[in-house]
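K.L.:
Need coordinates for the below:
(chains A and B)
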Amino acid sequence: QVQLQQSGAELAKPGSSVKISCKASGYTFTSYYISWIKQTTGQGLEYIGYINTGSGGTNYNEKFKGKATLTVDKSSSTAFMQLSSLTPDDSAVYYCANKGFAYWGQGTLVTVSS
Amino acid sequence: DIQMTQSPSSMSVSLGDTVTITCRASQDVGIYVNWFQQKPGKSPRRMIYRATNLADGVPSRFSGSRSGSDYSLTISSLESEDVADYHCLQYDEYRTFGGGTKLELK
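P.N.:
The predicted model follows:
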């Protein structure tokens, strides 16, 4: 069965970067794009962007250009999202999802605090 | 950018109610709307795709509909397990989520 397993919670200092992973299993990795979504505590969902897992091509929500960088490692069926120049506003749960948002990872909590 | 205006933001409901949540798209998005259910501490679950299609394993009391630029999720005979947050998503041009609807029991 399709599964997306995300890396664990991160505690980061303002100005630093974090890199979250999303490991796919149960299907051919390059069959589906992977999207990334942000959810602030108690708030709605924000779309960050997606990556073409075959070509590595990316598409970003304008708001997250320069903040998020999406990459993949096909050899390990893993997608990554790096968040840079972190501020407290980046504190959130981040999800990966695929196949038209049919499948989601369990979420990764990122907390930015000095 | 396409906006998805979701209403209401919260709703007080009773078991057995018929509940309707609506998203209005700021421009034509065709059939490219999904609906998600999210329970506390859990990932969103896709309930409806392409505006009217029931996702795998979703109970038939859930349905999706479209009228022009208005997209609705209806839950008939609300059960306790349906009390959750609901989100719409358009994926015609880029992707945009609605603001979410929180269902609470009276």
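
K.L.:
Which of the three states applies to B:Asn34?
P.N.:
Using DSSP: H, G, I helix; E, B strand; the rest coil, the structure places B:Asn34 in strand.

K.L.:
what's the pLDDT at it?
P.N.:
Model confidence at B:Asn34, expressed as pLDDT, equals 98.

K.L.:
I figured it was touching B:Arg45, is that so?
P.N.:
No: if you go by Cβ atoms under 8 Å, B:Asn34 and B:Arg45 don't touch, sitting 10.7 Å apart. Heads up, the C-betas are built off the backbone N, CA and C, glycines and all.

K.L.:
who has more neighbours, those two?
P.N.:
B:Asn34 (26 against 18; other Cβ atoms under 10 Å in any protein chain shown).

K.L.:
Report the contact partners of the more buried one.
P.N.:
Neighbour list for B:Asn34: A:Gly100, A:Phe101, B:Arg46, B:Met47, B:Ile48, B:Tyr49, B:Arg50, B:Cys88, B:Leu89, B:Tyr91 [criterion: Cβ atoms under 8 Å, 6 or more residues apart in numbering or on different chains].

K.L.:
ok, of these, which come out buried?
P.N.:
For the contacts of B:Asn34, a neighbour count by 16 or more other Cβ atoms under 10 Å in any protein chain shown gives the buried set as A:Gly100, A:Phe101, B:Arg46, B:Met47, B:Ile48, B:Tyr49, B:Cys88, B:Leu89, B:Tyr91.
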